[in-house]
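# I'd like to go over a predicted model; first the sequence, then the structure.
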Amino acid sequence: MSPREDDRAGRGPGRERGRIQHYYSSSPRRSDKSYVIKFTLKGRIIELASSGGVFSKDKVDLGTQVLLASLDLPERGDVLDLGCGYGVIGITIAKLRPGVKVTLADVNPVAVKLACQNIERNGVGNASALVSDLYSALGGATFDMIVSNPPLAAGYAVIFPLIEGALPSLKPGGRLVLVLRKGVNAIPRKMEAVFGNVTLVSRKSGYRVFISKRAPPGQGGSPAERKEKAKEEVPPDS
Ligand SMILES: C[S@@+](CC[C@H](N)C(=O)[O-])C[C@H]1O[C@@H](n2cnc3c(N)ncnc32)[C@H](O)[C@@H]1O
């Protein structure tokens, strides 16, 4: 999505004293206005505090809802919610799967502060949140699942490294799950190029959920094997 499209969606950059501010900034504008968002998924009530300066501040984004409804979650293991915002995806997963350890990460410190408060608010002891520019602060941790409603407004300069970095950050057999607005075809193409596979698992209300799986060792799934293959595997426009 271009920044202009994002403006149309009402979530794009705002201006403060001549400086453009973005929800995906590492120094977003401060806002004192706060919100409480309440929703139910699979019988679990989730209550989230939010404020200005974060994505979809006063309601759960429709794409996020489509993603959450489509998730096939493991019973145990490690899940990363990358670009967590105020924590809706990671906290929901932690609530639904007490046996899973969930890491929530975002470049925006306002979002991470809210995510930490929301972890407490929802009493999920199996989740933690930290500020991280993509994978940079995760210390090489690996995950069974990386889930994201990615920051399309930040452009391919952020999204492509998010996909490339997912491969070495997944355990063999692990999955990258992204929700995308219909029509953003370069992103599933990139997933296919990096992982050698991409599957459309859900399509609803103008959103699509794609999964790429890191193949087990010896089956072409290592970052080195994929790097070689990716050079030959950029599929045509869909
Ligand atoms: C579309 S929002 C999704 C937020 C939340 N997961 C949700 O579903 O409401 C994308 C999030 O990615 C974050 N983000 C942008 N660039 C990032 C980066 N380089 N590293 C980590 N997070 C980033 C933004 O701050 C924003 O919170």
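Great, that's in hand. Numbering: from 1, shown residues only.
# Off-centre distance for the lengthiest strand in the chain?
In the chain, taking DSSP state E as the definition, the longest strand is strand 170-181. Centre-to-centre, strand 170-181 and its host chain are 10 Å apart (C-alpha atoms, centre = their mean, to the nearest Å).
# That one: partners in the sheet, and parallel or antiparallel?
Using DSSP bridges, strand 170-181 pairs in its sheet with strand 143-148 (parallel), strand 207-213 (antiparallel).
# how about it, does it reach the ligand?
No: Strand 170-181 lies out of reach of the ligand by C-beta under 6 Å from any ligand atom, never closer than 8.1 Å. All C-beta spots, glycine's among them, are computed from the backbone N, C-alpha and C.
# which secondary structure elements does the next helix or strand after that strand contact?
Once strand 170-181 ends, the next helix or strand along the chain (criterion: DSSP states H and E) is helix 186-195. With contacts taken as 3 or more C-beta pairs under 8 Å, 6 or more residues apart in numbering; DSSP states H and E, helix 186-195 sits against helix 156-169, strand 170-181, strand 207-213, helix 223-230.
# Surely Thr103 and Asn126 touch.
No: no contact is recorded between Thr103 and Asn126 when judged using C-beta atoms under 8 Å, the distance being 10.2 Å.
# From the neighbour counts alone, determine which of the two ranks first.
Here Thr103 and Asn126 are compared on neighbour count by other C-beta atoms under 10 Å; more neighbours surround Thr103, at 21 against 15.
# hang on, the earlier thing: what's the angle from the longest strand of the chain to helix 156-169?
150 degrees (axes from the mean of the first three to the mean of the last three C-alpha atoms, to 10 degrees).
# my read: Lys101 touches Val79, true?
Yes: applying C-beta under 8 Å as the test, Lys101 and Val79 come out as touching, 7.3 Å apart.
# Which one of the two is surrounded by more residues?
Higher neighbour count among Lys101 and Val79: Val79, with 27 against 17, using other C-beta under 10 Å.
# just checking, the more buried one is part of a helix?
No: membership of Val79 in a helix is not supported by DSSP: H, G, I helix; E, B strand; the rest coil, which gives strand.
# Quick one: residues contacting it.
For Val79, the contacting residues are 73, 90, 93, 97, 100-103, 143-147, by C-beta atoms under 8 Å, 6 or more residues apart in numbering.
# would TSV of those residues with pLDDT and distance to Ile187 be doable?
Shown next, in TSV, are the contacts of Val79 (pLDDT from 0 to 100; distance: C-beta to C-beta, whole Å):
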residue	pLDDT	distance to Ile187
Leu73	96	22
Gly90	98	21
Ile93	98	22
Arg97	97	26
Val100	98	25
Lys101	98	27
Val102	98	23
Thr103	98	22
Phe143	98	19
Asp144	98	22
Met145	98	18
Ile146	98	14
Val147	98	15
